[in-house]
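# Below is the structure, and that's it, no one-letter string:
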């Protein structure tokens, strides 16, 4: 009897909700019908969904940022007072995070950027069901929860890639809520704009979001939807700033009185970081191909547990900076007197990223790539005992170079690092680092990690559809 009452209450709730939404839509339609200027009416109606989605994206990005920082802080607290507990905390968190993604939203695993790229590529009226698996409300909740649990366990992950997938899901869902009479907005453009707004809100880098959309996501002419991207990036960024306040992701490192021949060291750092970034991506792909052959859940649980124990062991016995997103490492080498990283620090960061990213849980690779690149730059600077300002430039160059090695987006990488630090006087050095890293990365692989994963996701979706079709025919 009690269960019937609950079911009846839920039905009443959905009925009332549908009536309320219908009334709101009808009221909006009557209001806009009074506007006589048809061109203005059409442009306003097309812009409103982008504005609403941008505000929602900014609010989610702020909440996610605060929760992620709290999760990382909890790990640090555990290490500070009971470091041995990492051998319990990390495996438990890794397994739970993996299980959440696998059980409730398989395409919430990993970064989120390849999923967005796949959604953009296959987006059409006939592929709505496929895109729903990549971008949805369910993805948003599972992505946030799985990545936060990974962060509590000390996973070497970031929140930036997940924020991009979350934002794209928000924009797509807002587009789906539009009534039939509303002027149509291209689904692909909505997803691209959402991804750009997500990156801008995550890093507080509006130019980075725009360049990311141009360089990484869109294959169509940018002028078709540039206004939508500009306005969405600005609104999402302002929403985040309105709550968090104006801030830089990293701060203002000292960069002045640079050596005349510093560009030679920039090139050296770019070559090393680009090769390391692309090599790490290649190894991650090899591991994921091997891991895909593990057909049974217990085998995956064993793999995830071993990865967690290895990461906890590296943090406990070697260096705690192996864990976490890498932001603390970037701030340490940029803003303290401890400028030079040990030769093994980049290797530990790379190992931590591979151990975390290949588990199948949710978590981005943007911030870990930047942290590893920073350690490369500071390591190279230590070889030659460069000054503080020269070292800071090499650290920023390493960040650009390593991220480029992973993403093959040199201009996005350079603009992101530029906006994170507000050091416009070194923009040419950063672009040089990105271009050099992009060139040498081709020696390892012609395509980026994201490109490979995008192709894999599309293949998985097509194979899943084929299996469902065969089952239906049988």
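That came through fine. What you see is a predicted model, and the numbers here were worked out from it, not measured in a lab.
# ranges for the strands of the stretch 51-200 of the chain?
Assigned by DSSP state E, counting those that start in this stretch, the stretch 51-200 of the chain shows no strands.
# what ranges do the helices span in it?
Here the stretch 51-200 of the chain has its helices, by DSSP state H, counting those that start in this stretch, at 86-104, 113-122, 128-134, 137-152, 160-177, 187-203.
# Most tightly packed of those helices?
Each of the helices of the stretch 51-200 of the chain was scored by mean neighbour count; the highest is helix 187-203, a mean of 30, by mean count of other Cβ atoms under 10 Å. Backbone N, C-alpha and C define where each C-beta goes, glycine included.
# Which secondary structure elements does it sit against?
When contacts are defined as 3 or more Cβ pairs under 8 Å, 6 or more residues apart in numbering; DSSP states H and E, helix 187-203 packs onto helix 38-82, helix 113-122, helix 160-177, helix 206-212, helix 226-244, helix 410-421.
# in the shortest one, what's buried?
Right, helix 206-212. Within helix 206-212, the residues scored as buried using 16 or more other Cβ atoms under 10 Å are 206, 208, 209, 210, 211, 212.
# Nearest to residue 435 among these?
residue 211 (14.2 Å; Cβ to Cβ).
# Tell me the one among the buried residues of helix 206-212 nearest to residue 334.
Set against residue 334, the nearest of the buried residues of helix 206-212 by Cβ to Cβ is residue 208 (18.2 Å).
# shaky segments in the stretch 101-250 of the chain?
Where the stretch 101-250 of the chain drops to pLDDT under 70, the residues are 219-227, 230, 245-248.
# Do a quick rundown of the helices in the stretch 201-350 of the chain.
206-212, 226-244, 262-291, 297-317, 327-335, 345-357.
# Turn the ones you listed into TSV, including distance to residue 198.
Listed next are those as TSV, based on distance: least, Cβ to Cβ, whole Å:
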stretch	distance to residue 198
helix 206-212	8
helix 226-244	7
helix 262-291	22
helix 297-317	27
helix 327-335	18
helix 345-357	19
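# wait, which of those helices is closest to residue 186?
If we rank the helices of the stretch 201-350 of the chain by Cβ to Cβ, the stretch that ends up nearest is helix 226-244, at 9.5 Å.
# mind putting the helices of the stretch 51-200 of the chain in TSV, distance to residue 312 included?
Formatted as TSV, these follow (distance: least, Cβ to Cβ, whole Å):
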stretch	distance to residue 312
helix 86-104	4
helix 113-122	27
helix 128-134	32
helix 137-152	13
helix 160-177	23
helix 187-203	27
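# quick one, which of those helices is nearest to residue 316?
Of the helices of the stretch 51-200 of the chain, the one closest to residue 316 (Cβ to Cβ) turns out to be helix 86-104, at 5.8 Å.
# Which strands or helices does the closest one pack on?
Helix 86-104 packs on helix 38-82, helix 137-152, helix 297-317, going by 3+ Cβ pairs under 8 Å, 6+ apart.
# Mean neighbour count, those: which tops it?
Greatest average neighbour count among those goes to helix 137-152 (a mean of 24), per mean count of other Cβ under 10 Å.
# could you check the angle helix 297-317 makes with that one?
40 degrees (axes from the mean of the first three to the mean of the last three Cα atoms, to 10 degrees).
# Give me the contacts around helix 137-152.
Residues from elsewhere that reach helix 137-152, judged by Cβ atoms under 8 Å, 6 or more residues apart in numbering: 60, 64, 67-68, 71-72, 74-75, 89, 93-94, 96-98, 100-101, 104-105, 107-109, 112, 157, 159, 162, 165-166, 169-170, 173, 324-325, 356, 359, 361-364.
# For residue 189, give its distance to residue 175.
From residue 189 over to residue 175 the distance is 9 Å, taken as Cβ to Cβ, to the nearest Å.
# Hmm, I typed the wrong one, I wanted residue 289.
Residue 289 is 35 Å from residue 175, by Cβ to Cβ.
# Ok, residue 73 next?
Counting by Cβ to Cβ, the gap from residue 73 to residue 175 is 36 Å.
# Residue 411 too?
28 Å.
# Pipe the helices and strands packed on helix 187-203 into JSON lines and attach distance to residue 183 per row.
Compiled in JSON lines, those are given as follows (distance: least, Cβ to Cβ, whole Å):
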{"stretch": "helix 38-82", "distance to residue 183": "5"}
{"stretch": "helix 113-122", "distance to residue 183": "21"}
{"stretch": "helix 160-177", "distance to residue 183": "12"}
{"stretch": "helix 206-212", "distance to residue 183": "24"}
{"stretch": "helix 226-244", "distance to residue 183": "13"}
{"stretch": "helix 410-421", "distance to residue 183": "31"}
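# what's the closest of those to residue 260?
helix 410-421 (21.8 Å).
# what is the orientation angle of that closest one with helix 160-177?
100 degrees.
# other SSEs contacting helix 410-421?
helix 187-203, helix 206-212, helix 388-407, helix 427-441.
# so who does the residue lying closest to residue 203 once chain neighbours are set aside touch?
Residue nearest to residue 203 in three dimensions, not counting chain neighbours: residue 249, with 5.3 Å by Cβ to Cβ, 6 or more residues apart in numbering. Each residue near residue 249 by Cβ under 8 Å, 6+ apart is listed here: 203, 204, 205, 419, 420.
# these two touch, right, the first one and residue 416?
Pointing back at residue 203 there. Yes - counting by Cβ atoms under 8 Å, residue 203 does reach residue 416; the two are 6.1 Å apart.
# Apart from its neighbours in sequence, what residue is nearest residue 372?
residue 349 (4.0 Å).
# dump the residue contacts of that neighbour.
Counted by Cβ under 8 Å, 6+ apart, residue 349 has contacts 156, 321, 322, 326, 329, 368, 371, 372, 375.
# Show me which of those is closest to residue 450.
Nearest to residue 450 among those, with distances taken as Cβ to Cβ, is residue 368, at 14.3 Å.
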